[in-house]
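# sequence plus the predicted model coming up.
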Amino acid sequence: MQLSSRAVSTAVLAALVAVAGYLGDTSLGELPLVAVVGVLALAFAFGWPVLVNLPSRPGSTAVIALGGVGAVWAVHRTAGDPLLRHLPVVFAFAVLLAFVNELLRGGGRERLVESVSGTVAGTLVAVAAAGWVATQRTVGGEGLVIAGALALAVGSAVAALPLRSWAGAGATTASALAAGALAGLVLPGLDARAGVLLGLAVGVLVAALRQLFDRLPALDRFPATLAAIVLPVTVTGTLVYVAGRVLVG
């Protein structure tokens, strides 16, 4: 899949997160967002071992999936601040499972360090998706989720344009910043300053991930492409949560 198609797909997923966040103000509560983020964590777990060419793909996928879904569920079930207090436990358990996965491998356990580090890194990205759920439960959380997802969607869509590396990075960052500023002006509980800073952080992240994964040879395979599409959405979850705690409270 070409870069433009991946970027547009990421934008669509970000828009889906925004819609799920908007539904948080209905009788459904945060369940739509929990479901969307959980599915994204599973999709990322399916593709990450292929994207980074891990030697034990089924085991790594299982570890990453358990870590990601477990983190989302833990945040959903956590009552009171700090909302992320159980994430270290979930992540530590996933790291332990990564070592168990290596013990169960056959064939001499070749590329052991690469396998463990790649699985742990993928688990960290999947766990970061729980930040979307935590964000929605904070003060002004619904607006933060929509603003962050909107900035991600706009920045990802602009990243699909056929621009040179620095020009593309600048356009991606500027468009995400503008989208965040607009959301800050329109959405309740936010202001333009918070929207600008949030959009800037998301734009820089999208531009950096584009440069990091654009030329990986594994992207000609569907699972790897799926992971590259989902990765910006999962990582942005914790970024939006941290930015929201600093900017909004």
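Great, that's in hand. Computed from a predicted structure; not experimentally measured.

# other SSEs contacting the longest helix along the chain?
In the chain, taking DSSP state H as the definition, the longest helix is helix 222-247. The contact analysis (3 or more CB pairs under 8 Å, 6 or more residues apart in numbering; DSSP states H and E) places helix 222-247 against helix 3-22, helix 31-51, helix 112-128, helix 130-136, helix 141-159, helix 192-213. Quick note: C-beta positions are derived from backbone N, CA and C, even for glycine.

# distance to residue 221 added to those, as JSON lines?
As requested, the helices and strands packed on helix 222-247 are exported to JSON lines (distance: least, CB to CB, whole Å):
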{"stretch": "helix 3-22", "distance to residue 221": "13"}
{"stretch": "helix 31-51", "distance to residue 221": "6"}
{"stretch": "helix 112-128", "distance to residue 221": "16"}
{"stretch": "helix 130-136", "distance to residue 221": "27"}
{"stretch": "helix 141-159", "distance to residue 221": "21"}
{"stretch": "helix 192-213", "distance to residue 221": "13"}
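
# any chance of the ones you listed in TSV, with mean neighbour count and mean pLDDT too?
Formatted as TSV, the helices and strands packed on helix 222-247 follow (neighbours: other CB atoms under 10 Å; pLDDT from 0 to 100):
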stretch	mean neighbour count	mean pLDDT
helix 3-22	20	87
helix 31-51	23	94
helix 112-128	21	93
helix 130-136	30	91
helix 141-159	28	88
helix 192-213	21	85
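
# quick one: which of these is nearest residue 82?
Closest approach to residue 82 among the helices and strands packed on helix 222-247 (CB to CB): helix 130-136, 8.9 Å.
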